[in-house]
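A.B. asks: My questions are about this predicted structure, shown below with the sequence.
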Amino acid sequence: MKTLEKTSQSPTARVIEEFWNKDGFLDESMKMEPSINIIDRNGVYKIKVSAPGFKKKDFKVAVEDGSLIISAEKSIEKKEEKENFVRKEFSAFSFSRSFRLPENITLGHIKSNYKNGLLNITISKTNLDKREVKEIKIR
């Protein structure tokens, strides 16, 4: 048998309170985290980031301290003016994801493009059989 939690607020009051407390402009939902697929195929890693609504210039892809860092930031300003009424809204969307890179990649061969809401990053693997070995002389 289900038990219902008793509350002193009317249903209408709860809806109004939830609207103001959980409004999309005020809560954590603006910190979106896009879906990411990582594919290991034919000597490359392919990373696909689903991030519709962004533009190519909104993204930053970098390698830092052995990690691939993918981030994007977008802000929108909307202003509406009518007689005796002015409203201005700002919204900002951002995310940042980082992934530890394996040792078998070539930093000089990382490519990316953004098309139709999908950021594609291709990272070439090194040939593990032909890894360069360098002897360091001791002085």
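C.D. replies: Ah, there it is. Numbering: from 1, shown residues only.

A.B. asks: Quick one: residues contacting residue 76.
C.D. replies: Contact analysis of residue 76 by CB atoms under 8 Å, 6 or more residues apart in numbering lists 90-93. Bear in mind the C-beta positions are built from the backbone N, C-alpha and C, glycine included.

A.B. asks: Residue 72: how many residues sit nearby?
C.D. replies: Using other CB atoms under 10 Å, the number of residues around residue 72 comes to 24.

A.B. asks: Quick check, it in contact with residue 57.
C.D. replies: No. In this structure residue 72 lies outside contact range of residue 57 using CB atoms under 8 Å: 9.7 Å.

A.B. asks: re the thing from before, from the contacts of residue 76, which land in strands?
C.D. replies: Secondary structure from DSSP state E places 90-93 of these in strands.

A.B. asks: Out of the residues you listed, who's the most crowded?
C.D. replies: Neighbour-wise, those (other CB under 10 Å) top out at residue 93, 17 neighbours.

A.B. asks: which residues of this protein fall in helices?
C.D. replies: Under the criterion DSSP state H, the chain contains helices at 11-21.

A.B. asks: I'd like to know which helix or strand in it has the lowest mean pLDDT.
C.D. replies: helix 11-21 (a mean of 63; mean pLDDT, DSSP states H and E).

A.B. asks: what sits against the residue nearest to residue 81 when sequence neighbours are not counted?
C.D. replies: Of all residues not flanking residue 81 in the chain, residue 87 sits nearest, at 7.9 Å (CB to CB, 6 or more residues apart in numbering). If you count contacts by CB under 8 Å, 6+ apart, residue 87 has them with 79-81.

A.B. asks: where does this protein dip in pLDDT?
C.D. replies: The chain contains residues with pLDDT under 70 at 1-9, 13-32, 85, 88, 128-139.
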